[in-house]
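J.: The amino acid sequence is not available; the structure is as follows:
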């Protein structure tokens, strides 16, 4: 980790800025390798493992669009190098046209090749030599080791052949001089630069999801205090400030509405396209867009504590985390470069001692071709590029992946444990049935019951009151209110004594409930509803049924998960009749009722012991232990911070369909990685033997180092283009 630009000390790549949220001017920058996130330092440099330039790990909200300095430098070197290389290439290839063959072998032509190619190799290609030298000193041989050795060998050989042709045997001299490979060295440098520029641009595109999130936050906010309204920078907003949001403006930070109402577009955070109605008491999230109404809210989470900042931080860290499959790549890479060097040396020796004349020229050209075509840049890009793009794509639809390991494991999940309340259901009880017994009608019964329940703090009481308000009933005042713990409530309403509660509570109060009413209550309970009995002036007056409604999206989500081959298990603390009803209604594969947090952990471990890959989805503090114990924990974004910290995946919207999206994303990303690895390996498996001259005995064909460089660059481009396809993945 570093707070300054630089190169990774292991791989040699430039350290890049990690686009995690930090307040403007907060602390020093840390630089990290995009492929090896464990490499961090406080200054620019190259990764000692792969040679890539280190990139800044932190990105301020006000410079999210800043262009990568490494990209600017490499682009400049590419254009200058290409301009100088083109005439060199044309002159060197003139011998292929009989009418101009004399130009390729003349003294002027040889001098132009030397003068034009030298700045290409020594200036445009200088970063590759620096990284290659670092890799040799550190012992972390990488793609820049091969590039530096291959290009350096071709250029130095040509330099000696140009100035000291007498050192070479006559068999190597044609048209009065030894063949030069200045054009090959220059073209290879340009091709490698093309690959570097494409890679840097692709990484910038891969992080576009983070930059889009960063740009959601407005630069200023309107603070309301005793002196009036003041527009202040976003960094000056503190918890406790009262902030005004005007129509069409962005919400600057997180908070709770105090005055006014509106509808807010939360699509960039949740992926939900429909605006959400907001009124006093509702939460608003920084970065969302207000519609036509205006409101004042109390800021409570600002800066790094805001939801937007936490999302950016989570996505940024996930993009730089390492998937388990990367371990295979690392093991292969550890032996790959030494093996290539050994093959190049063997190629040189075989051609020098057993090849046709001019043996030395053949030996050098084929050894250089082996070094160039085997450059493992595509192998190094295969996993990180897919992870970066995949995690960014997930963030766009409200699926936040904590690390690459969770992303990889999610696609292997065979069993999914879900909580009921807040996951399958809305998590907010609602009044479903009002049954009057004849003393009063349904509206009268609900009016009396809601008037009494309004003084209670019980969640079921709140559901009854909301039900009355939804029917536009006017609730009269009450007197003599009393509450019996685990029983019910009583009060006088308009001179009448009203009781609401359990059957036993009414019996204790001297009320006899008719058997027919009890049968109706039993039928409602078998449907998973909680029943409240009501009495007026000592006589049973009817029933009120309350239930936690199933989310509208839950049936569709379950169908999608079943289609993905995932077994669904509900684990809830609710009673068994309610759990049975919900499980039967939704077609769940298995359910466990009346479970404690410790029971959920035991369920996770039992399924794991049976060979299942287990994911756990929940939204409460009681779910946190099981989320941590599962192979992959999935936190519903509507839940607690503890659940989100314990989980490997967070669904911002809290919609169960997000789990199906996350699993689909995981499988698509891992498939993309495997495709990339195939591209990387197949190029080397086919290219190295051809470069070594395996086709020469049969077809008299050799691989020009320039063609080897083109093939190497094309392998990198294939990996990059394939990884970027994930940006258009339909979720």
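T.: Received, thanks. This structure is a prediction, so every number in the text was calculated from the model and none was measured.

J.: For the rest of this, base every contact and every neighbour count on C-alpha atoms.
T.: Fine.

J.: Surely residue 438 and residue 541 touch.
T.: Yes: contact criterion CA atoms under 8 Å: residue 438 and residue 541 qualify, at 6.7 Å.

J.: Between the two, point out the one with more neighbours.
T.: Taking neighbours as other CA atoms under 10 Å, residue 438 and residue 541 compare with residue 541 leading, 25 against 11.

J.: surely that one meets residue 444?
T.: No: counting by CA under 8 Å, residue 541 stays clear of residue 444, with 10.0 Å between them.

J.: which stretches of the stretch 501-650 of the chain have low pLDDT?
T.: 574-575, 597, 619-624, 637-646 (pLDDT under 70).

J.: Next, count neighbours for residue 345.
T.: Residues lying near residue 345 (other CA under 10 Å) number 17.

J.: Mind telling me what element it is part of?
T.: Assigned by DSSP states H and E, residue 345 belongs to helix 325-354.

J.: Helices along the stretch 551-700 of the chain, start to end?
T.: 554-563, 576-586, 597-609, 624-629, 641-646, 657-692, 696-699 (DSSP state H, counting those that start in this stretch).

J.: Kindly reformat the ones you listed as CSV containing mean neighbour count and distance to residue 339.
T.: As requested, the helices of the stretch 551-700 of the chain are exported to CSV (neighbours: other CA atoms under 10 Å; distance: least, CA to CA, whole Å):
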stretch, mean neighbour count, distance to residue 339
helix 554-563, 17, 45
helix 576-586, 17, 57
helix 597-609, 17, 40
helix 624-629, 24, 42
helix 641-646, 20, 43
helix 657-692, 21, 11
helix 696-699, 10, 22
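
J.: dump the residue contacts of residue 350.
T.: Residue 350 makes contacts with residue 363, as judged by CA atoms under 8 Å, 6 or more residues apart in numbering.

J.: where's the helix holding residue 345 relative to the chain centroid, distance-wise?
T.: The chain centroid and the centroid of helix 325-354 are separated by 34 Å under CA atoms, centre = their mean, to the nearest Å.

J.: how much does that helix deviate in direction from helix 657-692?
T.: 10 degrees (axes from the mean of the first three to the mean of the last three CA atoms, to 10 degrees).

J.: buried sites along helix 325-354?
T.: Residues of helix 325-354 classed as buried by neighbour count (16 or more other CA atoms under 10 Å): 326, 329, 333, 336-337, 340-341, 343-345, 347-349, 351-352.

J.: joint contacts of residue 541 and residue 444?
T.: Common contact partners of residue 541 and residue 444 (CA under 8 Å, 6+ apart): none.

J.: per-residue confidence at residue 172?
T.: Note on residue 172: pLDDT of 54.

J.: taking the mean pLDDT, what do you get for the helix holding residue 345?
T.: pLDDT averaged over helix 325-354 gives 81.

J.: Name the next helix or strand downstream of it, please.
T.: Using DSSP H and E, the next helix or strand after helix 325-354 towards the C-terminus is helix 359-373.

J.: Just the mean pLDDT for stretch 146-161, thanks.
T.: Mean predicted confidence for stretch 146-161 is 81.

J.: Contacts made by that stretch with the rest, please.
T.: 114, 121, 128-129, 132-133, 167-168, 178-182, 184-185, 188-189, 337, 341, 364-365, 367-369, 371-372, 374-375.

J.: just the buried members of those residues?
T.: 114, 121, 128-129, 132-133, 168, 178-182, 184-185, 188-189, 337, 341, 364-365, 367-369, 371-372, 374-375.

J.: Next, residue 298: secondary structure please.
T.: strand (DSSP: H, G, I helix; E, B strand; the rest coil).

J.: Starting from residue 604, give me the distance back to it.
T.: Look at residue 298 and residue 604: by CA to CA, to the nearest Å, they are 40 Å apart.

J.: same question, residue 422
T.: Computed as CA to CA, the residue 422 to residue 604 distance reads 20 Å.

J.: Residue 516 too?
T.: Taking CA to CA, one finds residue 516 at 43 Å from residue 604.

J.: Looks like residue 660 contacts residue 560 (just checking).
T.: Yes: counting by CA under 8 Å, residue 660 does reach residue 560; the two are 6.2 Å apart.

J.: List the buried residues for the host helix or strand of residue 517?
T.: Assigned by DSSP H and E, residue 517 falls within helix 515-526. For helix 515-526, burial by neighbour count (16+ other CA under 10 Å) applies to 517, 518, 521, 524, 525.

J.: Find the residue at the geometric middle of this protein.
T.: In the chain, the residue lying closest to the centroid (CA atoms, centre = their mean) is residue 391, at 2.0 Å.

J.: List the buried residues of the one helix or strand it maps to.
T.: When elements are assigned from DSSP H and E, residue 391 belongs to helix 377-396. Under the neighbour-count criterion of 16+ other CA under 10 Å, helix 377-396 has 377-396 buried.

J.: Can you list the low-confidence ranges for the stretch 201-350 of the chain?
T.: Applying pLDDT under 70 to the stretch 201-350 of the chain flags the ranges 202-214, 267-274, 314-323, 326, 330, 333.

J.: for it, what spans make up the strands?
T.: Secondary structure of the stretch 201-350 of the chain (DSSP state E, counting those that start in this stretch): strands at 220-225, 228-233, 242-245, 254-260, 262-265, 276-278, 283-284, 289-290, 295-301.

J.: Out of the ones you listed, the one nearest residue 587 is which?
T.: Taking CA to CA, strand 276-278 is the member of the strands of the stretch 201-350 of the chain nearest to residue 587, at 30.0 Å.

J.: Which neighbouring elements make contact with the closest one?
T.: Using 3 or more CA pairs under 8 Å, 6 or more residues apart in numbering; DSSP states H and E, the elements in contact with strand 276-278 are strand 262-265.

J.: how far is the strand it packs on from where the chain is centred?
T.: Distance, stretch centre to chain centre, for strand 262-265: 26 Å (CA atoms, centre = their mean).

J.: again with stretch 541-558
T.: With CA atoms, centre = their mean, you get 33 Å for stretch 541-558.

J.: mind checking how far residue 611 is from residue 598?
T.: Distance from residue 611 to residue 598, counting by CA to CA: 20 Å.

J.: Where does the prediction get shaky in the stretch 1-150 of the chain?
T.: Applying pLDDT under 70 to the stretch 1-150 of the chain flags residues 1-29, 34-35, 52, 57-68, 93-106.

J.: at 80 what do you get?
T.: Counting by pLDDT under 80, the stretch 1-150 of the chain has low-confidence residues at 1-38, 40-70, 91-107, 138-147, 150.

J.: Start from the N-terminal end of the stretch 451-600 of the chain and give the strands.
T.: Per DSSP E, counting those that start in this stretch, the stretch 451-600 of the chain carries strands over the ranges 478-484, 488-493, 496-501, 530-536, 539-547, 567-571, 590-592.

J.: If you count contacts, what does the second one end up packed against?
T.: The helices and strands touching strand 488-493, judged by 3+ CA pairs under 8 Å, 6+ apart, are helix 442-453, strand 478-484, strand 496-501.

J.: hmm, who's touching it?
T.: For strand 488-493, the surrounding residues in contact (CA under 8 Å, 6+ apart) are 448, 451-453, 456, 476-483, 497-502, 505.
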